[in-house]
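using only what follows, build the 3D model:
(one chain, ligands or ions: 2)
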Amino acid sequence: MDRKIGFIGGGNMAEAIIKGLLAGGVPAAELAVSEPSEARRNLLAERYGVHILNDNVQLCRMSDAIVLAVKPQVAGQVLGALGAGLTDKLFISIMAGVKSAAIEGMLGSEARVVRVMPNTPALVLQGASAISRGYNATEDDLVLTRRIFDLVGTTCVVDEKLLDAVTGVSGSGPAYVLTFIEALSDAGVKHGLTRDVATALAAQTVYGTAKLLMESHEHPAALKSNVASPGGTTIAAMHSLDRDGFRAATINAVDVCVARSKELGEK
Ligand SMILES: NC(=O)C1=CN([C@@H]2O[C@H](COP(=O)(O)OP(=O)(O)OC[C@H]3O[C@@H](n4cnc5c(N)ncnc54)[C@H](O)[C@@H]3O)[C@@H](O)[C@H]2O)C=CC1
Ligand SMILES: O=C(O)[C@@H]1CCC=N1
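Ligands and ions are numbered 1, 2, ... in the order given. Below is the predicted model:
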């Protein structure tokens, strides 16, 4: 990267990105984390060998790009304590909902901010991240941010007003997919499979189907039709899913996720 990347907050998402960056060849010496929890500091130091501290101001001093990886609820407290005048730094916020204008408001109106909505599969370099540029961020800032998140999966650039929708689809999406895999596995167990076999079959089915979709560039409905034989088992199951509101339940879940993301941005 040639630039030092610091993380304010060393929780789940920061860890996923750090692990991905290291796997992608970024040296541990280029990464630092400021984290108040001693247990987290010890864990991150042991597992990844990155520079660890408990001082957000010092972290900013030693970093060129700072990933804001704290909960949105503490954004005001964390950013307020950093003070203004950090215009030589790039701030990359992964906080759900918190708008770039609000971050600029807390860091000073000249602050260079890029927002990213990543997801936890970044841990295995299969993340999906959407990026949007704040008012003062440069083309170079966007390129650096894309380089960081390309190392942990795929990236796209969207208008900031669409980041709430991204949060609803891919930011929180892994939780819905895992719930589906868990339910599919439960069903397998109900019908006599062992838990291990049922979970392995369910997970590989989701993984393989996603790969099939991405490599074929087809509409999901076209591939679904290939599974359903006339008068066969799949169409009977699809009827049942429709009757039980599977699709409506999914869309409703995304609706409330998007609404919650907007709400977090209003605080
Ligand atoms: N977990 C996920 O799947 C995703 C999370 N995000 C966003 O990433 C951010 C972090 O989420 P998680 O990693 O899941 O949360 P987390 O709770 O695992 O991590 C937050 C970390 O911040 C630390 N922290 C608290 N106060 C601090 C302070 N004053 N200074 C420095 N560090 C402080 C906490 O000790 C904790 O380790 C959130 O804003 C969330 O919206 C975005 C996309 C996906
Ligand atoms: O649940 C949350 O608020 C965060 C944002 C996207 C995924 N996790």
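
how many neighbours does Pro27 have?
Here the number of neighbours of Pro27 (other CB atoms under 10 Å) works out to 11. To be clear about C-beta, it is placed using only N, CA and C from the backbone, and glycine gets the same treatment.

distance check, it against Asn252.
Distance of Pro27 to Asn252, computed by CB to CB, to the nearest Å: 45 Å.

just for the stretch 1-150 of the chain, where's the confidence low?
For the stretch 1-150 of the chain, applying pLDDT under 70 flags no range at all.

change it to 80
1-2, 83-85 (pLDDT under 80).

what are the ranges of the helices in it?
Taking DSSP state H, counting those that start in this stretch, the helices of the stretch 1-150 of the chain run over residues 12-23, 38-48, 56-62, 75-82, 100-107, 139-150.

and the third one, how far out from the chain middle?
Computed by CA atoms, centre = their mean, to the nearest Å, the separation of helix 56-62 from the middle of its chain amounts to 24 Å.

who does it touch, helix- and strand-wise?
Helix 56-62 sits against strand 5-8, strand 31-34, helix 75-82, with contacts defined as 3 or more CB pairs under 8 Å, 6 or more residues apart in numbering; DSSP states H and E.

do you know which of those lies nearest Thr155?
strand 5-8 (15.7 Å; CB to CB).

what does the stretch 151-267 of the chain put close to ligand 2?
Counting by CB under 6 Å from any ligand atom, the residues of the stretch 151-267 of the chain close to ligand 2 are 167, 171-172.

redo that, cut-off 5 Å
171-172 (CB under 5 Å from any ligand atom).

output the below-cut-off pLDDT ranges for the stretch 151-267 of the chain.
Filtered on pLDDT under 80, the stretch 151-267 of the chain yields the residue ranges 267.

closest point of the stretch 1-150 of the chain to ligand 2, which residue?
The nearest approach of the stretch 1-150 of the chain to ligand 2 comes at Ala96, 3.7 Å away (CB to the nearest ligand atom).

just name the most buried of the helices of the stretch 1-150 of the chain.
helix 12-23 (a mean of 21; mean count of other CB atoms under 10 Å).

what angle do it and helix 38-48 make?
For helix 12-23 against helix 38-48, the angle by axes from the mean of the first three to the mean of the last three CA atoms, to 10 degrees is 20 degrees.

how big is the angle separating helix 12-23 from helix 139-150?
Using the same axes, to 10 degrees: helix 12-23 against helix 139-150 is 90 degrees.

so does helix 12-23 get close to ligand 1?
Yes. Helix 12-23 lies within reach of ligand 1 by CB under 5 Å from any ligand atom, at 12-13.

what packs against that helix?
Taking 3+ CB pairs under 8 Å, 6+ apart as the contact cut, helix 12-23 packs with strand 5-8, strand 31-34, helix 38-48, helix 139-150.
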